[in-house]
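give me the fold of what follows.
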Amino acid sequence: MPRVFQVKSSDPKIQLAYTVEQAVGTGCPNPRADVLLVQHLLAIAWIEIPASKGFRPPGETKPLKVDGMFGPVTARFIKFFQEEARRRGANCALDNRVDPVTTGKPTGSITGTFYTILAMNAARYNRQAGNMNDISQDPAFPGELRKHFIIDWA
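Residues are numbered from 1 along each chain as shown. Reported below is the predicted structural model:
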């Protein structure tokens, strides 16, 4: 089940972050709710804003379908997101997977790289106006996902 947790940020608009419970990617567990969250965040990252082009994999002409099923298209979007995030300055691992935040730190304890899911949260904050913290207020938020969130207030 995806998690939402409070974060300490210098930006008062950013109070919450969303993470997966289990890894999403090739060879990962890919639970449906976690895949839905990753796909939703990737769909938001697709959006172009005045300050930045969206994260658009080469050859993809339409946004990722948010259906909770991990497959080759979702894999391409994850890979491209990681490559572009790194190119834009986020030291994400180039491992084609989205791991859960488990350490309370923005970097993984094994790789020392920035969690891809946190880079996806940052892309979301940069691309959406309005209520930055409540992801469920997004009209494109998958309704099925509402019942799956675990809230961590640590």
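
can you give me the strands for this protein?
Secondary structure of the chain by DSSP state E: the strands cover 3-6, 16-19, 24-25, 97-98, 150-152.

those strands: which one's closest to residue 32?
strand 24-25 (10.2 Å; Cβ to Cβ). From N, CA and C alone the C-beta is placed, and that goes for glycine too.

what's next to that closest one, contact-wise?
Residues outside strand 24-25 that contact it (Cβ atoms under 8 Å, 6 or more residues apart in numbering): 30, 34, 35, 38, 70, 74, 75, 78, 95, 96, 97, 98.

please identify the most buried of the strands of the chain.
Mean neighbours per residue, mean count of other Cβ atoms under 10 Å, is largest over these for strand 97-98, with a mean of 25.

what's the end-to-end length of stretch 57-65?
Criterion Cα to Cα, to the nearest Å; first-to-last residue distance in stretch 57-65 is 14 Å.

got the buried residues for it?
57, 63, 64 (16 or more other Cβ atoms under 10 Å).

which of the contacts of strand 24-25 lies closest to residue 146?
Nearest to residue 146 out of these is residue 34 (Cβ to Cβ; 14.4 Å).

residues in contact with the closest residue to that closest one other than its chain neighbours?
Take residue 34 and drop its neighbours on the chain: the residue closest to it by Cβ to Cβ, 6 or more residues apart in numbering is residue 20, 3.9 Å away. Going by Cβ under 8 Å, 6+ apart, residue 20 touches 2, 3, 31, 34, 37, 38, 98, 99, 100, 117.

distance of the first one relative to residue 127?
In this case it means residue 2. Plainly put, residue 2 is 19 Å away from residue 127 if you go by Cβ to Cβ, to the nearest Å.

more crowded one of the two?
Counted by other Cβ atoms under 10 Å, residue 2 and residue 127 do not tie: residue 2 has more neighbours, with 23 against 17.

and the gap between the most centrally placed residue in the chain and residue 65?
Centroid-nearest residue in the chain, with Cα atoms, centre = their mean: residue 120, separated by 3.5 Å. The gap separating residue 120 from residue 65 is 17 Å, by Cβ to Cβ.

distance between the ends of stretch 20-33?
Stretch 20-33 end-to-end distance (Cα to Cα) = 8 Å.

again, but for stretch 91-98
One end of stretch 91-98 sits 14 Å from the other (Cα to Cα).
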